[in-house]
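Novice: No sequence on hand, only this structure:
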């Protein structure tokens, strides 16, 4: 009796297994979907591809225009006229920057793309404008009218702000830029702004991420890291932030974390400073500003100053000049040690190569007449 019962149980188990397999084959169970995971950080900006060629712009200050010396039209892609003066009353039409517009327009003669810069470099005036919506509208209207009258394809707002404890300034500037951009677009004009190269380093009052949404491009002033009233150092070093406090590589990392590289342009300052210093290399007075042309005449080729040395720095890629002068005062001879740092075509080209490797193909030079 036990053996037949055992055999029957085995047969029933086999039949159940066969039936279950047939059911699974006919009605397969879908695979379990992978659970979605929440990102742990904000999406990164797209990869910075290398660029092969650069677009070169040249700043043309109104004081450098010379009717006997034509603009180098074939050497640059864009020309930025610097510029008309923005005030609380709008654009100052009695300012030489405005009265020289005709000279610039006649020289360029629509041969290349041109941009009209709005000069706003006085901090107190700029704060007054940002506190007055009517003043902002006057500047916008006057700028657009001048740009259209003289054949400019775009406008560059150069509104420079030093550090301030007024936390509303950032938002006020955002609103001004947004209004300017909106009106420029209605008139089919491109719109750009400038910001300092040390914006992040010096914590200047610019909301870069918000500003980038309301411009066709941001032009970074990659010069004057070491100020005339401060310690001697490179104009804006390529590397060496451990020694100099900040550098261009860090600057590019800061900006491209918020702005697409294709919407950035870097301006090189083709000039330098001459600091008179004591034995510890501390400045004894404000440095003298020298254009690259002045520097070439004074130091390069043959330097006749006492104990003159000219060295290109491996970190910054810029050039340092050291020399000594002497003066007789009250029958005493006084020695003055000098340190000069400056940007030139070689250092600018080295920096440009780095920019191209990081997706930035727009560069500009300050300024016509300086080099």
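Specialist: Noted; the coordinates are in hand. Nothing here was measured: the structure is a model prediction, and the numbers come from that model. Numbers count the residues shown, from 1 in each chain.

Novice: quick one: the strands in the chain?
Specialist: Along the chain, the stretches classed as strands by DSSP state E are 55-61, 78-87, 90-91, 113-120, 154-159, 190-196, 217-221, 264-269, 271-277, 288-291, 306-312, 319-329, 332-342, 362-366.

Novice: so can I have a markdown table of those strands showing mean neighbour count and distance to residue 249?
Specialist: Heads up, the C-betas are built off the backbone N, CA and C, glycines and all. Listed next are the strands of the chain as a markdown table, based on neighbours: other Cβ atoms under 10 Å; distance: least, Cβ to Cβ, whole Å:
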| stretch | mean neighbour count | distance to residue 249 |
| --- | --- | --- |
| strand 55-61 | 20 | 21 |
| strand 78-87 | 25 | 25 |
| strand 90-91 | 22 | 38 |
| strand 113-120 | 23 | 27 |
| strand 154-159 | 24 | 25 |
| strand 190-196 | 22 | 17 |
| strand 217-221 | 23 | 13 |
| strand 264-269 | 23 | 12 |
| strand 271-277 | 22 | 21 |
| strand 288-291 | 16 | 26 |
| strand 306-312 | 12 | 18 |
| strand 319-329 | 14 | 19 |
| strand 332-342 | 16 | 18 |
| strand 362-366 | 23 | 16 |
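
Novice: Would you mind giving those strands as a markdown table with distance to residue 241 added?
Specialist: What follows is the strands of the chain, written out as a markdown table (distance: least, Cβ to Cβ, whole Å):
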| stretch | distance to residue 241 |
| --- | --- |
| strand 55-61 | 27 |
| strand 78-87 | 29 |
| strand 90-91 | 39 |
| strand 113-120 | 30 |
| strand 154-159 | 26 |
| strand 190-196 | 16 |
| strand 217-221 | 16 |
| strand 264-269 | 17 |
| strand 271-277 | 20 |
| strand 288-291 | 24 |
| strand 306-312 | 19 |
| strand 319-329 | 17 |
| strand 332-342 | 16 |
| strand 362-366 | 21 |
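
Novice: Make CSV out of those strands and add mean pLDDT.
Specialist: CSV is the format used below for the strands of the chain (pLDDT from 0 to 100):
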stretch, mean pLDDT
strand 55-61, 98
strand 78-87, 98
strand 90-91, 98
strand 113-120, 98
strand 154-159, 98
strand 190-196, 98
strand 217-221, 98
strand 264-269, 98
strand 271-277, 98
strand 288-291, 98
strand 306-312, 97
strand 319-329, 94
strand 332-342, 94
strand 362-366, 98
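
Novice: and the nearest residue to residue 150 once chain neighbours are set aside, how many neighbours?
Specialist: With sequence-adjacent residues excluded and distances taken as Cβ to Cβ, 6 or more residues apart in numbering, residue 150 is closest to residue 105, at 4.6 Å. For residue 105, the neighbour count with other Cβ atoms under 10 Å is 16.
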